[in-house]
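> Pasting a predicted model and its sequence here:
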Amino acid sequence: MFIALPVSADAQAPEIFKVDPPSWWLRSTMNPVRLMVHGKNLSAARVQVSGPGLRVVGNPIINPRGTYIFLKLAIAATASPGKKIVTVTTSNGNATSSFEVLAPLDRHGKFQ
């Protein structure tokens, strides 16, 4: 006997709880920056970050439980400051979160 139970597709859709760091500066000496995306149902995910001048470098690393994605994000000097969208896509759907590109720090008279 076979009993069909309703299964919600949303139960397996990816979710993003946090992107860390939540922001980074243009023209930083640390570029690309490593981002950690924390969530669930992230296994076999593809990651995109919106905006010209932003590029995911290499292949993201996803932990075996599908709760963390580690990726390198290159921020070109020509990128514009502001909120950007991080999109994680799996075969079960997608999830979005924000990441902010900050204006460069004024180095005049600082960091001596």
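All right, it came through fine.

> going forward, measure contacts between C-alpha atoms and count neighbours the same way
Will do.

> most centrally placed residue in this structure?
The centre of the chain sits closest to residue 86, judged by Cα atoms, centre = their mean, with a distance of 4.5 Å.

> did I read that right, that residue in a strand?
Yes - assigned with DSSP: H, G, I helix; E, B strand; the rest coil, residue 86 falls within a strand.

> Do you know the pLDDT at the closest residue to it other than its chain neighbours?
In this structure, residue 86 finds its nearest non-sequential neighbour in residue 49, 4.5 Å apart by Cα to Cα, 6 or more residues apart in numbering. You'll see residue 49 listed with a pLDDT of 96.

> isn't residue 49 right next to residue 56, touching?
Yes - taking Cα atoms under 8 Å as the definition, residue 49 is a contact partner of residue 56 at 7.3 Å.

> For the residue nearest to residue 86, which residues are in contact?
55-56, 84-87 (Cα atoms under 8 Å, 6 or more residues apart in numbering).

> same deal with residue 86?
Contact analysis of residue 86 by Cα under 8 Å, 6+ apart lists 47-50, 96-99.

> again, only this time at 7 Å
Listed by Cα atoms under 7 Å, 6 or more residues apart in numbering, the contact set of residue 86 reads 48-50, 96-99.
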